[in-house]
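> Below is the sequence, then the predicted model.
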Amino acid sequence: MGATSRRDRLRFNREYRKESFELPSEIEAMPIFQEWLSGALTSRIASPFWDLAKPKKQQKCLDLGCGFSFLIYPWRDWEAQFYGQEISTVARDVLNARGSQLNSKLFKGVQLGGAHELTYERNLFDWVIATGFSCYYPLSYWGDVLTAVKRVLKPEGFFVFDAIAPDTEMAENWAILETYLGAEVFLESPSDWQKLIKAAGAQIVRQQTGELFQLYKVKF
């Protein structure tokens, strides 16, 4: 997964820095590109993980692929302890610079690393969250992620993550756009995800379908 991680790190570092992307004219003519360029697409496709897993006061929550999560979502209102993990050095550095300024009691820092590289102690977290990036990696990798998450979750904890719903109206065009932006998309079927979850010793507690992603809440 090294080459994939490096490719995605470069792509998302560029996006977080708001650098321009030069794409073919036929891609720039697509309505979905214009939505992406204006920033409107982000709110449409973001998965509201709090609908399935609203963090509670003093619970320990690990946000994988967190991006700018602590600056965007109402972690201070939830009063939950925030731990982050990111492959983007830009997002990691911004959160570590600003998170403690917002709330030093809740913000516990962001580590640099992939979702399968969890160095936290066993049974530490009440929740682990991973939204917006599962589609950039094959299912075999996500088997490793599920194993890593199981180790750091408390026995009564939950893992909430999303996976692309390939039959949604925008899935194919979004996958094309992402490929040109530098991140290959794997359009895995929901049935294959369900098989993977079961093989990892987890069960689906709740599901929720959005415009692009399917949210899963699972328990080991």
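Thanks, I have it. Numbers count the residues shown, from 1 in each chain.
> do you know how far the most centrally placed residue in the chain is from Pro31?
Closest residue to the average C-alpha location of the chain: Thr131 at 2.7 Å, with Cα atoms, centre = their mean. Separation of Thr131 from Pro31 (Cβ to Cβ, to the nearest Å) stands at 24 Å. Where C-beta positions appear, they are placed from N, C-alpha and C, glycine not excepted.
> what's the answer for Cys61, then?
35 Å.
> what about those two, which has more around it?
Shown here are Cys61 and Pro31; by other Cβ atoms under 10 Å, Cys61 has more neighbours (25 against 10).
> Can you find the helix or strand in this protein with the smallest mean pLDDT?
Sorting the helices and strands of the chain by mean pLDDT, DSSP states H and E puts helix 2-16 at the bottom, at a mean of 61.
> show me what contacts Gln59?
Ala80, Gln81, Asp126, Trp127 (Cβ atoms under 8 Å, 6 or more residues apart in numbering).
> Confirm for me that the second one is in contact with Lys57.
The reference is to Gln81. No - with contact defined as Cβ atoms under 8 Å, Gln81 does not count as touching Lys57 (9.5 Å).
> Please say which of those two ends up with more neighbours.
Higher neighbour count among Gln81 and Lys57: Gln81, with 20 against 9, using other Cβ under 10 Å.
> and that one, what are its bridge partners?
When assigned by DSSP bridges, Gln81 has beta-bridge partners Lys60.
> how close does it get to His116?
Noted for Gln81: a distance of 22 Å to His116, by Cβ to Cβ.
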